[in-house]
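Peer 1: Show me the folded form of this:
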Amino acid sequence: MEFGELVEAIRAVEKLKGRNDKVRMLAAIFSALDPGEAALVARLITGRVFPEYSEVSVGVGWASVRDALGMVDAVSTLFPHAQRVSVGELVETLQKISRTASRRKKVSYLFSLFSRLSREEREYLLRILFGEVRIGASTGLVLEAIAEAAGCELGVVRRAYMYLSDIGDVAEIALREGCEGLRRVRIQLFRPVKPMLAAMAYSFREILGEHGGKTSLEYKYDGVRVQIHKSGDKVKVFSRRLSDITGYVPEAVELAARIKAEEAILDGEAVGVEAGRPVAFQEVSRRIRRKRERERFIARIPLHVYLFDLLYLDGEDFTLKQYRERRRVLEEIAPRENLARMRIVDSLVDAEDFYRSAVGEGHEGVVAKRLSGLYEPGIRGKHWLKLKASETVDCVIVAAEWGHGRRRGWLSDYHLAVYDDENDRFLRVGKTYKGLTDAEFEEMTRRLLELKVAEKGYVVYVKPQIVVEVEYAEIQRSPRYESGYALRFARIKRIRWDKRPEDATTLRELEERYRRQRFKKTPGVTP
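Peer 2: Numbers count the residues shown, from 1 in each chain. Next up is the predicted model:
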């Protein structure tokens, strides 16, 4: 498939309003491709070049793109017509760019590629490079299209995606091996799966009602999510973003050696501890982010790993087992001191007592788990419900403004957005400059400039990559922002380097919070 043909298809999908129409058109595109091309196209449509579990990136910033485009403009009269570039050639060139450390060579490769593309093709390539394809084709919608193209049940496709953690691999297997190939996909050692997530709850009455009057409560730890894979003496540890962080968490590696199993995949949280109390998440996340200071942080901030789930054990897939069984076996194979604190409750009194213990010991709150629930990788459903001590939302920074006065030289006024997962876009809900230290302002400025896609006046627009946890006083209706909502008195509580932009609070979640907030203001009315 030529890249120009893909751009035409993307434009056509972008113009469609109905979800079903988009699915049908994408399915027709996939049906016309060979399996290898389908993998590349599935990734490109969702704004990726490499598999989601890959730690490789193209590694180009706005400055390199600007220089390459300037070179193209300078010679455009010599090459007035675009040339044919296949999707495979385009991805191969981007792979070459990712493998070179030389900025000069990166610009040269970009120039070579840009000079062969039409202006419109360059625009869509830039949208792909900067994660801004945003054609209303969310991952869920593309999975529906793959299912239709392969003639498979959507549930089969989604389950394979949970295990494979890459939409390109799903597309390739679906078109090469069909439904049977997807059904054969299972959890694999040393291939990280997307962690299961918890939906927000607002009361224990709601939780017990949802879980049939009885639930398992666990402390909600404020640390780094770890997925531990073990086979004999070989151990790898993956982060929430599926990155290999084995070298940063020796405590998790040491714990793996004490697990009573030959092979296992375990889910847990690594929490920084000082004087018996958990330390701030920001301190723990620095250990993972700063390679040059790794040894110093490892020595200064010891971690304690709490295990709360079991995904795989000695050849058996435990994601297909109920939570009560997963927890029972986990207690048999893991050291007691490394188990997340848990209590099964069937009354409001017991639930509130356990919650007070969690908060009193310095933790965020609790997670309630349905006793009969399966482990669903990547799913934020009601099998797991979280109840936190403070009202926060996770927002993505989509732009920032240059500061003035004491904040001069820093990008310090951040445009905050939530994720509209129905239409695969980020919608703004406000701005804030509050909550960060001077050191965090400096680091944030450096990171945002690396993600810059445009600059207009004092506003720098960035690739939506950085997630921040935001405290607020109230959610208000607002015509000022495209989301229709605004966060009143927003303040950044912490930077969530461990989260992906798609992990941000969704527009639907924000709408539900607004609705419940209104109930709270009405005497005698409960949500």
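Peer 1: need the contact list for Arg343.
Peer 2: Ser216, Leu217, Asp350, Phe354 (C-beta atoms under 8 Å, 6 or more residues apart in numbering). Bear in mind the C-beta positions are built from the backbone N, C-alpha and C, glycine included.
Peer 1: So which of those is the closest to Glu443?
Peer 2: Distances from Glu443 to those, taken as C-beta to C-beta, are shortest for Leu217 (35.7 Å).
Peer 1: and that closest one, that's in a strand?
Peer 2: Yes. Judged by DSSP: H, G, I helix; E, B strand; the rest coil, Leu217 forms part of a strand.
Peer 1: what pairs with it across the strands?
Peer 2: For Leu217, the beta-bridge partners are Arg343, Ala368 (DSSP bridges).
Peer 1: what does Thr392 give?
Peer 2: In beta-bridge terms (that is, DSSP bridges), Thr392 pairs with Glu471.
Peer 1: how close does it sit to Glu180?
Peer 2: Using C-beta to C-beta, to the nearest Å, Thr392 is found at 44 Å from Glu180.
Peer 1: Same question for Val224.
Peer 2: Taking C-beta to C-beta, one finds Val224 at 38 Å from Glu180.
Peer 1: Arg480 now?
Peer 2: Distance, Arg480 to Glu180, by C-beta to C-beta: 52 Å.
Peer 1: rewinding a little: report the two of the contacts of Arg343 separated the most.
Peer 2: Checking the contacts of Arg343 with C-beta to C-beta, the most distant pair is Ser216 and Asp350, at 11.6 Å.
Peer 1: more neighbours, the two?
Peer 2: Ser216 (21 against 14; other C-beta atoms under 10 Å).
Peer 1: that older thread, what about Val224 and Glu180, which has more around it?
Peer 2: Comparing Val224 with Glu180 by other C-beta under 10 Å, the one with more neighbours is Val224, at 26 against 10.
Peer 1: isn't that one right next to Val279, touching?
Peer 2: No. With contact defined as C-beta atoms under 8 Å, Val224 does not count as touching Val279 (11.7 Å).
Peer 1: which SS state does Ala417 fall under?
Peer 2: Once three-state DSSP is applied, Ala417 turns out strand.
Peer 1: do the same with Lys382
Peer 2: From three-state DSSP, the assignment for Lys382 is strand.
Peer 1: And for it, the neighbour number?
Peer 2: Neighbours around Lys382, by other C-beta under 10 Å: 16.
Peer 1: pLDDT value on it, please?
Peer 2: With respect to pLDDT, Lys382 scores 92.
Peer 1: Now do the same contact list for it.
Peer 2: Ala199, Glu210, Arg370.
Peer 1: closest to Arg116 among those?
Peer 2: The closest of the contacts of Lys382, once distances to Arg116 are taken by C-beta to C-beta, is Ala199, at 46.5 Å.
Peer 1: Distance from the chain centre to stretch 444-451, please.
Peer 2: Chain-centre distance of stretch 444-451: 19 Å, with C-alpha atoms, centre = their mean, to the nearest Å.
Peer 1: neighbouring contacts of it?
Peer 2: By C-beta under 8 Å, 6+ apart, stretch 444-451 touches 61, 130, 397, 400, 409-412, 414, 436, 460, 462-463, 465-466, 495.
Peer 1: Could you do stretch 406-413 as well?
Peer 2: 400-403, 431-433, 436, 441-442, 444-445, 448-449, 460.
Peer 1: Quick one: end-to-end length of it, please.
Peer 2: 13 Å (C-alpha to C-alpha, to the nearest Å).
Peer 1: Can you verify my assumption that Glu509 contacts Met200?
Peer 2: Yes. Contact between Glu509 and Met200 holds when scored by C-beta under 8 Å: they sit 6.4 Å apart.
Peer 1: Which residue is the nearest non-sequential neighbour of Asp346?
Peer 2: Spatial nearest neighbour of Asp346, excluding adjacent residues (C-beta to C-beta, 6 or more residues apart in numbering): Lys214 at 4.4 Å.
Peer 1: Check the one you found and give its pLDDT.
Peer 2: For Lys214, pLDDT reads 97.
Peer 1: What about it, how many residues nearby?
Peer 2: 12.
Peer 1: Quick check: Val226 touching Val271?
Peer 2: No. Val226 is beyond contact range of Val271, at 10.2 Å (criterion: C-beta under 8 Å).
Peer 1: So which of the two has more stuff around it?
Peer 2: Neighbour totals were compared for Val226 and Val271, and Val226 leads with 27 against 21 (other C-beta under 10 Å).
Peer 1: what residues does the host helix or strand of that one touch?
Peer 2: Counting by DSSP states H and E, the element that carries Val226 is strand 224-231. Surrounding strand 224-231, the residues in contact under the criterion C-beta under 8 Å, 6+ apart are 189-190, 192-193, 195, 235-240, 245, 249, 252, 255-256, 259, 261-270, 281, 284-285, 288, 303, 305, 307, 311, 498.
Peer 1: Quick check on these: which are buried?
Peer 2: Buried members of the contacts of strand 224-231, counted by 16 or more other C-beta atoms under 10 Å: 192-193, 195, 235-240, 245, 249, 252, 255-256, 259, 261, 263-270, 281, 284-285, 288, 303, 305, 307, 311, 498.
Peer 1: Show the contacting residues for Leu26.
Peer 2: Taking C-beta under 8 Å, 6+ apart, one finds Val13, Ile45, Ala137, Leu141, Val142, Ala145, Ala149 in contact with Leu26.
Peer 1: low-scoring pLDDT stretches of this protein, where are they?
Peer 2: Residue ranges of the chain with pLDDT under 70: 76-82, 131-137, 275-276, 280-283, 285-300, 518-527.
Peer 1: List the buried residues in the longest helix along it.
Peer 2: The longest helix of the chain (DSSP state H) is helix 167-183. Buried residues in helix 167-183, counted by 16+ other C-beta under 10 Å: Ile167, Gly168, Asp169, Val170, Ala171, Glu172, Ile173, Ala174, Leu175, Cys179, Gly181, Leu182.
Peer 1: Tell me the gap between it and the middle of its chain.
Peer 2: 23 Å.
Peer 1: CA atoms only for it - export them in CSV, please.
Peer 2: Extracted in CSV, the C-alpha atoms of helix 167-183 (Å, rounded to 0.1, in the frame of the first residue of the first chain):
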residue,chain,number,x,y,z
ILE,A,167,-2.7,-3.6,17.8
GLY,A,168,-0.3,-4.3,14.9
ASP,A,169,0.4,-7.8,16.1
VAL,A,170,-3.4,-8.4,16.5
ALA,A,171,-4.1,-7.2,12.9
GLU,A,172,-1.3,-9.4,11.5
ILE,A,173,-2.5,-12.6,13.3
ALA,A,174,-6.1,-11.9,12.5
LEU,A,175,-5.5,-11.6,8.7
ARG,A,176,-2.9,-14.4,8.5
GLU,A,177,-4.4,-17.0,10.8
GLY,A,178,-8.0,-15.9,11.3
CYS,A,179,-10.1,-16.3,14.4
GLU,A,180,-8.4,-19.6,15.3
GLY,A,181,-5.0,-17.9,15.4
LEU,A,182,-6.4,-15.2,17.7
ARG,A,183,-8.0,-17.8,20.0
